[in-house]
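Colleague: quick one: sequence plus predicted model below, questions after.
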Amino acid sequence: MAVSLPGEVVELLPPGSRAVPLARGKGVWRLDNAAAQPVVLRRRHVAIRIAPAAFAAHVAWVHDFLTLLRSDRVATPQPVPLLHGSSVAVAADAVWEIVSYVAGQPVGWSRQPAMVTLGAFLGDFHHASTQVAIAGRVGNTVEVAALADASTWIDLDVGGSAGEIIHHAIDDVRAGLDRIDHLAAERSVIHGDFTNHNVLAVGAPAVPTGVIDFSNAYSDATLADVGFALWRSGRPSQRALCFDPRRIAAYVSGYHSVRPLQDEDAETVIVYLQARGLQIAAKQTSRGETVDEPLIARLAWLHDNLDDLTSSVAQRLRRHDSR
């Protein structure tokens, strides 16, 4: 092997495989000479509170979903059974997976493709994902409905103004989920992190063609994927502590052009945007970590601007429909 992998993993790979790091320190390698197609080997660390076999079962479920997913517009990684005949294995205190390589460059904070185009691209993905017949699964993710449950926050240890901000956000989301009737929403397997950093584009001008990193995939309300994508991509920049109403409205309008929304879905998306922040906070809390300050600041901004943000999205949807 060109780089040092645990012996347990090397033994699972086909003879002569050569691992080349794709992201230093990120546990991602390209495997050369392992198959006719380019493939990616990825190490998934297992949290202390999760049994490795249970985590591996969830990753295998995601692979089953990807195998069933069919789309002419959205390229996704496909499982490749090179780990002793499987695409998922437990070895060296981690879960390992192998999937096909998807060509393209991450969009990230690039100005092209435009947000309206990227929103439409998520709509294309949902056209395909909602057709996949597979048993629902949550895995180790805190699903949206659980964010309104007091038991989710038992271990929350944040006092002062930061604690007040988080509790305001919990109250906002709890009330919002009731208003949008979250429990009756269409459910499907969602990507869980369809940010522009996980969308790949090719060409000049750049066109979105693929999506990668299904680490956060699980079953929940389909439109939650829209709000979750905007937690990062709806900000004006990576470090911004606020959100950009124009970016968000453009993205939702693009989604609407592919998968038509109802008037009330403007609020639905914003409720799920706020829920994504809480979901990350709940994950940090469950790991015994401190909820990070930028996340708290963004939750505070959302609490103060929910109505204006919802109004901006609703106005953009109405303009789209009036054309």
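Modeller: On my side now, so go ahead.
Colleague: how about the CA coordinates for stretch 60-75, as PDB?
Modeller: Provided in PDB are the C-alpha atoms of stretch 60-75 (Å, rounded to 0.1, in the frame of the first residue of the first chain):
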ATOM      1  CA  ALA A  60     -25.000  -0.500   4.800                       C
ATOM      2  CA  TRP A  61     -28.600   0.800   4.800                       C
ATOM      3  CA  VAL A  62     -27.300   4.000   3.100                       C
ATOM      4  CA  HIS A  63     -25.500   1.900   0.600                       C
ATOM      5  CA  ASP A  64     -28.700   0.000  -0.100                       C
ATOM      6  CA  PHE A  65     -30.500   3.300  -0.700                       C
ATOM      7  CA  LEU A  66     -27.700   4.500  -3.100                       C
ATOM      8  CA  THR A  67     -28.000   1.200  -5.000                       C
ATOM      9  CA  LEU A  68     -31.700   1.700  -5.500                       C
ATOM     10  CA  LEU A  69     -31.400   5.400  -6.400                       C
ATOM     11  CA  ARG A  70     -31.900   6.200 -10.100                       C
ATOM     12  CA  SER A  71     -31.400   9.600 -11.600                       C
ATOM     13  CA  ASP A  72     -30.300  10.900 -15.000                       C
ATOM     14  CA  ARG A  73     -29.500  14.300 -13.500                       C
ATOM     15  CA  VAL A  74     -27.800  13.700 -10.200                       C
ATOM     16  CA  ALA A  75     -24.700  11.500 -10.000                       C
END
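Colleague: show residues contacting the host helix or strand of residue 95.
Modeller: If you go by DSSP states H and E, residue 95 is part of strand 94-100. Contacts to strand 94-100, defined as Cβ atoms under 8 Å, 6 or more residues apart in numbering, come from residues 9, 12, 27, 31, 37-46, 52, 55-56, 59, 63, 66, 77-83, 87-90. All C-beta atoms are positioned from the backbone trio N, CA, C, and that covers glycine.
Colleague: filter those residues to the buried ones?
Modeller: Neighbour counting with 16 or more other Cβ atoms under 10 Å marks 9, 12, 31, 39-44, 46, 55-56, 59, 63, 66, 77-80, 82-83, 87-90 as buried within the contacts of strand 94-100.
Colleague: which of these fall in helices?
Modeller: 9, 12, 55-56, 59, 63, 66 (DSSP state H).
Colleague: can you lay out the residues you listed as CSV showing pLDDT?
Modeller: Putting these into CSV (pLDDT from 0 to 100) gives the following:
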residue, pLDDT
9, 93
12, 94
55, 93
56, 95
59, 96
63, 98
66, 98
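Colleague: tell me the one of those nearest residue 207?
Modeller: Ranked by distance to residue 207 (Cβ to Cβ), those are led by residue 66 at 21.9 Å.
Colleague: check contacts around the closest one.
Modeller: Applying Cβ under 8 Å, 6+ apart, we find residue 66 in contact with 76-79, 99, 214.
Colleague: and the residues you listed as a markdown table, adding pLDDT and distance to residue 251?
Modeller: Formatted as a markdown table, the contacts of residue 66 follow (pLDDT from 0 to 100; distance: Cβ to Cβ, whole Å):
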| residue | pLDDT | distance to residue 251 |
| --- | --- | --- |
| 76 | 98 | 20 |
| 77 | 97 | 23 |
| 78 | 96 | 27 |
| 79 | 97 | 29 |
| 99 | 96 | 27 |
| 214 | 96 | 20 |
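Colleague: which of those residues lies closest to residue 21?
Modeller: Checking the contacts of residue 66 one by one against residue 21 (Cβ to Cβ), the nearest turns out to be residue 99, at 16.3 Å.
Colleague: show me where this protein has its helices.
Modeller: Counting by DSSP H, the helices of the chain are 7-12, 52-68, 115-129, 160-179, 224-233, 245-258, 265-286, 293-321.
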